[in-house]
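1. Predicted structure and sequence below. I'll ask about it afterward.
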Amino acid sequence: MEESWVKRYAYIIKAALILIMIVVLLVPLAMTEAMIRERSYRQEEAIREVSGKWGQAQTVTGPVLVVPYKKGNAVNYAYFLPEELNVDGDLVSENRQRGIYNIAVYNSNIKLNGRFKPLSTEGLSLGADTLSLNDAFLAVGITDLRGINKELKASWDGRDIKFIPGLPNSEVLSSGIHAKMSLQPDDSGHTFSLNLALRGSEQFSCSPLGANTKVSVRSNWRTPSFDGAVLPETHSIGKDSGFVAKWETLGIGRTFPQEWTGNNIKINSSDITVKLFPAIDTYQQSLRSVKYSVLIIGLTFLLFYFIELLQGRAVHPLQYMLIGLALCIFYTLLIAISEQLNFTIAYAIAATMTVGLITFYLSSVFKNTRTGLVIGGALGGLYAFLYVIIRSEDQALLMGSIGLFVTLAVVMFISRRIRWEKLSAPTISQ
């Protein structure tokens, strides 16, 4: 009686075992995900090491005209921003290698020019005679001064001026250079220009401090990401020639005024940023693929299960586990190969190796090459669909939902041929 009961409900017991095996396979998948995160952290360490020696992500802020004034016995500072600011930047990018990791670095030539309007203290609650005009200085914020690799050329009202490292006051700018100025009471406005050769890595930013700011950036980098508070007005990206991007902003759209006193103003909140990142982040794409691993394993096991029921020929639980481990190893192969080759090529190689191994193995298990090829083709289709999803970040949810719907429809169509009331224990393949 007991034997006939087990035989009668063998397909239910087998389904329960398959679910348990899928849960067990979550352990190596979790280990694989942890390994990918660890490799990603090592990449970040390599980036920090190279950036520390070459030059970190650079932000150019300024110029800012800083004028001290006395309030009682204390020395305070008034800050004035340019009426017009033009920034023209050329970024010549290249890859530096640290071990197996490629880090994007650049040499830049940044030209700043514009003009300051006559100084006005009307909105500052200060008297014009309280300003220490002889102690004024022009400040330019630079994130990493080690990136300056050539002598600066600067002029003020057509006269050459000399910048020196450091800032007399760090209320607004924490790192940068300054030039001492001697202003006259009959201030009628000033023009300025500055040529700055700067090395950096991964991204370049500038702060649109002018009441009217125009920024133009060119580079040979072919996969830029435009970030920051303002997107470019126009940009063009050539497959071989790099990109050109232009911005134009007005001071009325900023969160800070043209002149102020005190240290409660954050002038980097409106930065324009260009990121020089690879087109595909290998570790990010690999992590996304691992997140769909349960779906791949579950659908593969479901396919085997239906073939068992339709052909009356069982796959041993150990054989299920071996196939599941092969599906898990795909992700290890993917990350290992993608560190050496293009992600797309690495994905194709890892998928081909995995599908080929499983197809060969199942042809032997079912003793039918055609069955093995059918399963291999279905598994190849799953990997192709997964690749489309992980590459289409914006449409991933839509494509995934449609794919699952189609898969469910196929499963329901196939299951129509199964006579569940007549099922018994299938014969285990030898």
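-> Right, received. Where do you want to start?

2. so the nearest residue to residue 49 once chain neighbours are set aside bridges to which residues?
-> Nearest residue to residue 49 in three dimensions, chain neighbours excluded: residue 98, at 6.2 Å (CB to CB, 6 or more residues apart in numbering). In short, each C-beta sits where N, CA and C put it, glycine included. Here residue 98 sits in beta bridges with residue 101, going by DSSP bridges.

3. Now do the contacts for residue 98.
-> Listed by CB atoms under 8 Å, 6 or more residues apart in numbering, the contact set of residue 98 reads 46, 49-50.

4. per the record, what domains does the chain have?
-> 2-40+283-428, 57-279 (automatic domain parsing).

5. any idea which of those domains is most buried?
-> Ranked by mean neighbour count, those are led by domain 57-279 with a mean of 17 (mean count of other CB atoms under 10 Å).

6. Tell me what residue 77 is bridged to.
-> Beta-bridge partners of residue 77, counted by DSSP bridges, are residue 68.

7. what separates it from residue 63, distance-wise?
-> In this view, residue 77 and residue 63 are 15 Å apart by CB to CB, to the nearest Å.

8. what do you get for residue 325?
-> According to CB to CB, residue 325 and residue 63 sit 62 Å apart.

9. One more: residue 371?
-> On the measure of CB to CB, residue 371 and residue 63 end up 74 Å apart.

10. now swap in residue 124 and tell me
-> Using CB to CB, residue 124 is found at 19 Å from residue 63.

11. Likewise for residue 107?
-> From residue 107 over to residue 63 (counting by CB to CB), the distance is 22 Å.

12. on that earlier part again, mean pLDDT for the domains of the chain - can I get that in TSV?
-> Listed next are the domains of the chain as TSV, based on pLDDT from 0 to 100:
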stretch	mean pLDDT
domain 2-40+283-428	77
domain 57-279	84
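
13. Which residue, other than its chain neighbours, is closest to residue 239?
-> Counting by CB to CB, 6+ apart, the residue nearest residue 239 is residue 222, at 6.5 Å.

14. May I ask you to confirm that the one you found is in contact with residue 236?
-> No. Contact criterion CB atoms under 8 Å: residue 222 and residue 236 do not qualify, at 11.6 Å.

15. quick one: common contacting residues for these two?
-> Joint contacts of residue 222 and residue 236 (CB under 8 Å, 6+ apart) are residue 243.

16. for the longest helix belonging to the chain, the distance to its chain's centre please.
-> Longest helix of the chain, by residue count under DSSP state H: helix 26-54. Relative to the centre of its chain, helix 26-54 is centred 14 Å away, using CA atoms, centre = their mean, to the nearest Å.

17. That helix packs against which elements?
-> Judged by 3 or more CB pairs under 8 Å, 6 or more residues apart in numbering; DSSP states H and E, helix 26-54 is in contact with strand 84-98, strand 101-116, strand 190-201, helix 282-291, helix 293-311, helix 317-338.

18. cutoff 6 Å now
-> If contacts are counted by 3 or more CB pairs under 6 Å, 6 or more residues apart in numbering; DSSP states H and E, helix 26-54 sits against strand 84-98, strand 101-116, strand 190-201, helix 282-291, helix 317-338.

19. Tabulate those in a markdown table, adding columns for distance to residue 141.
-> Listed next are the helices and strands packed on helix 26-54 as a markdown table, based on distance: least, CB to CB, whole Å:
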| stretch | distance to residue 141 |
| --- | --- |
| strand 84-98 | 13 |
| strand 101-116 | 12 |
| strand 190-201 | 12 |
| helix 282-291 | 31 |
| helix 317-338 | 38 |
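
20. for these, which one sits closest to residue 308?
-> Nearest of these to residue 308, taken as CB to CB: helix 317-338 at 10.1 Å.

21. which outside residues touch that closest one?
-> Around helix 317-338, the neighbours that count as contacts under CB atoms under 6 Å, 6 or more residues apart in numbering are 17, 21, 25, 28-29, 32, 36, 282, 286, 290, 297, 346, 349-350, 354, 357-358, 365.

22. what does the next helix or strand after that helix contact?
-> With elements assigned by DSSP states H and E, the helix or strand that comes after helix 317-338 is helix 343-365. With contact meaning CB under 6 Å, 6+ apart, helix 343-365 is reached by 280, 282, 285, 319, 323, 326, 330, 333-334, 337-338, 369, 372, 375-376, 379-380, 383, 387, 429.

23. try 8 Å
-> So helix 343-365 is contacted by 280, 282, 285, 289, 300, 304, 315, 319, 322-323, 326-327, 329-331, 333-334, 337-338, 340-341, 369, 371-373, 375-376, 379-380, 383-384, 387, 429 (CB under 8 Å, 6+ apart).

24. so that helix versus helix 293-311, what angle?
-> Following axes from the mean of the first three to the mean of the last three CA atoms, to 10 degrees, one obtains 30 degrees for the angle between helix 343-365 and helix 293-311.

25. quick one: helix 343-365 to chain centroid distance?
-> For helix 343-365, the distance to the chain centre is 30 Å (CA atoms, centre = their mean).

26. can I assume residue 25 is in contact with residue 297?
-> Yes. Under the criterion of CB under 8 Å, residue 25 makes contact with residue 297 at 6.0 Å.

27. if we can go back for a sec, assumed the residue nearest to residue 239 was part of a helix.
-> No. Counting by DSSP: H, G, I helix; E, B strand; the rest coil, residue 222 is not found in a helix; it is coil.

28. ok, it to residue 346 distance?
-> Taken as CB to CB, the span from residue 222 to residue 346 is 20 Å.

29. Residue 47: neighbour count?
-> Residues near residue 47, counting by other CB atoms under 10 Å, number 21.

30. Check the one 3 residues further on too.
-> The local packing count at residue 50 equals 21, with neighbours defined by other CB under 10 Å.

31. Next: the one 5 residues further on.
-> Using other CB under 10 Å, residue 55 is surrounded by 24 other residues.

32. Residue 199 is in contact with that one, correct?
-> Yes. The pair residue 55 and residue 199 qualifies as a contact (CB under 8 Å) at a distance of 3.8 Å.

33. shared neighbours of those two, which are they?
-> With CB under 8 Å, 6+ apart, residue 55 and residue 199 have common neighbours 105, 147.

34. Now do the same for residue 380: helix, strand or coil?
-> Once three-state DSSP is applied, residue 380 turns out helix.

35. Return the residues in contact with it.
-> Residue 380 makes contact with 351, 355 under the criterion CB under 8 Å, 6+ apart.

36. cool, residue 32 as well?
-> 290, 328, 331-332, 335.

37. ok, those vs residue 185, which is closest?
-> Closest to residue 185, out of all of the contacts of residue 32 and judged by CB to CB, is residue 335, at 67.1 Å.

38. ok, the closest one to residue 43 distance?
-> 11 Å.
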